[in-house]
Structure formats: C-alpha cells, structure tokens
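Trainee: sequence? don't have it. structure:
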C-alpha cells in the first residue's frame, strides 16, 4: 500500500555514508511505490538556533518566553514559514525516518535545532488536558518513526557494559523523549557501527540489512514503551510499584 | 585561592531565569576573588551547525570528513577563529560552568553545536595512544565541570521511576559523554525544577542553594565515574564482570 514517508537527513557532506543511506532509502522506498519527501537540513541551510526569529510578528522588546511564543505563533499561524513547512510534512507523513550520525552521544546540533523549532507547543507538546496527551498519545499518534544512525566505534563499546553507556539508553532521549513523546510508534533504531571503516564492498551488506528495515517500516514491531496514560503510571507520572520488577534505568519504561 | 572560571551560557533571553543564574554566578564568583569569563552563545551569535566553514583553508571541493579536517585544522592552527578562542578559554580555565535550560531532554542545539565545533580532534578527543586517553584522562584533566540546568516540570516526573526517565541518566550523555570524556572532574549537576513557576520571592532560596554549589566548585566531591584506563574495563572497553554487581544501565559506570 502506498504510504507517505518523510526523511529528515542531517549531514554536511552529500558524499558521506549518511548521504548514501539517505539516497538508498529514497530509491528503495520510491521503487516500492511510496511517496517520499526529504528535508536535507544542511542543504536547506536550516538554522539550528531557536530564538525570537521563529516568531516574526512578536514584539521584539518583550521578554521572550519561548514556549509561550511558540504556542501563540502556532495558534495564530504566525510561525516562521520554514517551521510551518516542516510541520506540514509531519502531518502529511505516515512514517518519519531520521538519518544522521551520532555526534557526542546524540544527534547533530542542526537536527536538535530542527526538533526545538518544529516541535511547537500545541503541535508536539502541550496537547490535550493539562498538556498530558503524550508518550503514546498526541498529534503524531498512529505514525511510525525509524532512527537510522551511524556510529564511529565498534558495537562492543556501546554494549550493555560498554564504556560509552549502552546504545539503547543513549538513544532513549531520542526514541522515547522526541519520537514517542508526540505519539509515534518507534521502531528499534537501525544503528550502523564502525561507520568510518566501511568500505564500498561492505555497503552491499549494509543496504541489504537496511532495505529489510525499510520493508518493515509499517509491519515491524515497535519498541514496547509504556503509554503514560494507560494505567502504568501514578498521578506524579511515576511507574507504579511492581511493574518492571528487577529492572532499573530507562529500561523500566518498556513493557517487555 | 584565586581561580579561573569559564561560564558557557545558552539562552536566547537575557531576562530569563538562566540569564539571572548566569549573572548571579558571575557576581558571586567575582566577589569571591576569582577570574570569570563568559561565553554568551546567543549573544555572540554562535553558529550551531558544524560544517566545512569551520576549516577556512580546506579545499571546498574535497569530500568533507569532519573529524579528519578537525584534526588537520587543529594541528595546523587553521581552525575558524571563534573555535580557537573557545579552546583557549578551555585551556585557561580551572573550572567550567555550563548554564542552560533542558530542551527535549538535552542541551539546547546552540550549545550542542558549541561542543561539536570546539571539541576538535586531538584537543578533546583522539588524544593519546589510539586516541584512548579519555574518561578520566585527556587534555582537560584536573579541571572541574558543573552543569547548571533548568527544567520545566516537577522533580518527581524525573525521579527514579518518573515517566521522562531519571535525571541522572538523562544527563549522563553530558556529564559522562561530554564533560568526563576529555578528563574533567564532573560535579553532581545543579538541577532547578519547576523553572517556569519560579517567582521573584523564590529566587532567594535558589541563589542560596546555588551559591553553596559555587562555593564548593573546587572542594565538593565529583561524580565517581570509573576511569577507562584504571583497570575496570576489558580490552573491548566493557566493564569487567563482578563490578557494579546488581546494577544496570548507566549507573554501572560509577564506582559508588
């Protein structure tokens, strides 16, 4: 079935591995009959810094309270046009793919700035009663999300006891905090280790693996994060006693 | 004893709580006889996007491999001047204070982009044999780091079982991944919850608490992260069996 797929891509060099993965995904998904839109953040000259320029009609002498202005501008349709365009792509899409390298244990700043600016209040947060339609509910509910990320070192260094911290937990602020927050079903990330050592010969194996993940975009099982309002959390949003017994850290917020 | 203290401050509004905390720290530390330098990232117009402009003398037609160019430009003293200036402040300082709000479970993009650009290869990483002088060793060893961060919601929502994930783990990619990596001793973060609800009356309590943390900048005990090369990790940088028994997640990388 034909779907709408939105790729947000963040790498400064088109001839990079990230660029090749983005191109591969565009071709693979288009060949499968889907509609694909790409936001190439570096190519677009995306501004990463969230500030008063995001609200062109505000009084520049007033104290800037970003989340308030974000709500006002979103509701009055006076956001900076590039923000509105990205929100429209998020409404349009059935699935988002985020393609980026891991830099300093997170996404590149340009992509973080895309989140900060595009995730307006009332659009991506502050939705529903007291703003608490989130983590399984929200305006992006029913859509799917896949993070495809490249990492320099070996997988062992990011394993359960690896010195960098384990990869699932390093990505939790993105998978749970950015993608699950506004309601999306988040697939297990596609993580490519030893990215710098990848040779053209090895790319065939990678695209084979990645192609399977793209084929499963609408059928693979998402990460079983616990919905905030499904009965697992108390009135202070703490996981109720007895759930996730014997676990600690971020993994308690998964029901598997 | 007089020390050099470097405050990196990231908020778009000078009249914000973050601005007030930055001003308080400058006055408090100056009154105590220290030398204080501030990098006001929004005020300086800091560019967040890491890209080829960081290396003004490279051939713009060559494929950009950021970490290689970063090393080349650092070693040949051809980095963009604003990068070099920030590195000189990092060399000069005895302690760094990072003052920012938490946005989407991490630091603001403008600050993330400061890390990506200023943390050059051979300066902040890729140091020593195989680049493995890190996590307790590195060019910033012996210096101290304090993260002072403001958070909108209540502390309970970020407690051990809080829905957002617990705060220690959310900050681990910064405290361990960005501050401990190049060798600094990292103090427990100063986290201010319910930032938006803070009234002028409440600010006195806050500055009282924060003042104590500033007074303890060189005497408080740092987070007991495990040094990578101190014998706790195996040759694949995995924590050796038997250490941190009964723990899981990021907390295994602390020896307490």
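Mentor: Alright, I've got the coordinates. Just so we're clear, the structure is a prediction, and the values are computed from it rather than from any experiment.
Trainee: Contacts for stretch A:208-218 next, please.
Mentor: Contacts to stretch A:208-218, defined as Cβ atoms under 8 Å, 6 or more residues apart in numbering or on different chains, come from residues A:3, A:5, A:21, A:24-25, A:28-29, A:32, A:94-95, A:97, A:144, A:146, A:148, A:187, A:190, A:192, A:220. All C-beta atoms are positioned from the backbone trio N, CA, C, and that covers glycine.
Trainee: By neighbour count, which bits of the helix or strand hosting residue A:86 are buried? Give me those.
Mentor: Element membership for residue A:86, per DSSP states H and E: helix A:81-92. Buried residues in helix A:81-92, counted by 16 or more other Cβ atoms under 10 Å in any protein chain shown: A:82-84, A:86-87, A:89-90.
Trainee: For chain B, tell me whether that helix is touching it.
Mentor: No - for helix A:81-92, no contact with chain B is found by Cβ under 8 Å from any Cβ of the partner chain; the gap never falls below 13.9 Å.
Trainee: Chain B contacts on the stretch 51-200 of chain A?
Mentor: Residues of the stretch 51-200 of chain A lying near chain B by Cβ under 8 Å from any Cβ: A:51-52, A:63-67, A:103-106, A:108-110, A:112-113, A:115-116, A:119, A:135, A:152, A:154, A:156-157, A:159-166, A:169-170, A:172-173, A:176-178, A:196.
Trainee: ok, now with 7 Å
Mentor: A:51-52, A:63-64, A:66, A:103-106, A:108-110, A:112-113, A:115-116, A:135, A:156-157, A:159, A:161-165, A:169-170, A:172-173, A:176-178 (Cβ under 7 Å from any Cβ of the partner chain).
Trainee: Report the residue spans of the stretch 1-150 of chain A with pLDDT below the cut-off.
Mentor: Of all residues in the stretch 1-150 of chain A, none has pLDDT under 70.
Trainee: Let me see the ranges of the strands in it.
Mentor: A:4-9, A:35-40, A:95-101, A:144-150 (DSSP state E, counting those that start in this stretch).
Trainee: Including mean neighbour count, could those strands go into CSV?
Mentor: Formatted as CSV, these follow (neighbours: other Cβ atoms under 10 Å in any protein chain shown):
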stretch, mean neighbour count
strand A:4-9, 23
strand A:35-40, 17
strand A:95-101, 24
strand A:144-150, 24
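Trainee: I'd like these laid out as TSV, including distance to residue B:246.
Mentor: Formatted as TSV, the strands of the stretch 1-150 of chain A follow (distance: least, Cβ to Cβ, whole Å):
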stretch	distance to residue B:246
strand A:4-9	40
strand A:35-40	45
strand A:95-101	35
strand A:144-150	31
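Trainee: Against which helices or strands is the helix holding residue A:86 packed?
Mentor: Counting contacts by 3 or more Cβ pairs under 7 Å, 6 or more residues apart in numbering or on different chains; DSSP states H and E, helix A:81-92 is packed against strand A:4-9, strand A:35-40, helix A:109-118.
Trainee: and the ones you listed as a markdown table, adding distance to residue B:42?
Mentor: Converted to a markdown table, the helices and strands packed on helix A:81-92 look like this (distance: least, Cβ to Cβ, whole Å):
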| stretch | distance to residue B:42 |
| --- | --- |
| strand A:4-9 | 24 |
| strand A:35-40 | 24 |
| helix A:109-118 | 12 |
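Trainee: distance of the residue in chain A that chain B sits nearest to from residue A:88?
Mentor: Nearest residue of chain A to chain B: residue A:249, at 2.5 Å (Cβ to the nearest Cβ). According to Cβ to Cβ, to the nearest Å, residue A:249 stands 37 Å off from residue A:88.
Trainee: show me the contacts for residue A:29.
Mentor: For residue A:29, the contacting residues are A:5, A:36, A:214, by Cβ atoms under 7 Å, 6 or more residues apart in numbering or on different chains.
Trainee: Next: residue A:103.
Mentor: residue B:116.
Trainee: ok, now residue A:34?
Mentor: A:2-3, A:5.
Trainee: Same question for residue A:180.
Mentor: Residues in contact with residue A:180 (Cβ under 7 Å, 6+ apart) are A:135-136, A:186, A:225.
Trainee: again, only using 6 Å
Mentor: Residues in contact with residue A:180 (Cβ atoms under 6 Å, 6 or more residues apart in numbering or on different chains) are A:135, A:186, A:225.
Trainee: I'd like those as JSON lines, with neighbour count appended.
Mentor: Output for these, formatted as JSON lines (neighbours: other Cβ under 10 Å):
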{"residue": "A:135", "neighbour count": "23"}
{"residue": "A:186", "neighbour count": "22"}
{"residue": "A:225", "neighbour count": "21"}
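Trainee: Save those residues as CSV, and put in distance to residue B:56 too.
Mentor: CSV is the format used below for the contacts of residue A:180 (distance: Cβ to Cβ, whole Å):
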residue, distance to residue B:56
A:135, 45
A:186, 40
A:225, 45
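Trainee: Would you mark the buried spots in stretch A:58-71?
Mentor: A:58, A:64, A:66, A:69-71.
Trainee: quick check: domain ranges of chain A?
Mentor: Residue ranges for the domains of chain A, per automatic domain parsing: A:4-224, A:226-256.
Trainee: so which of those domains is the most packed in?
Mentor: Comparing the domains of chain A by mean neighbour count (mean count of other Cβ atoms under 10 Å in any protein chain shown), domain A:4-224 comes out on top with a mean of 19.
Trainee: In contact with the residue nearest the centre of chain A, which residues?
Mentor: By Cα atoms, centre = their mean, chain A has its centre lying nearest to residue A:179, at 4.7 Å. Listed by Cβ under 6 Å, 6+ apart, the contact set of residue A:179 reads A:145, A:186.
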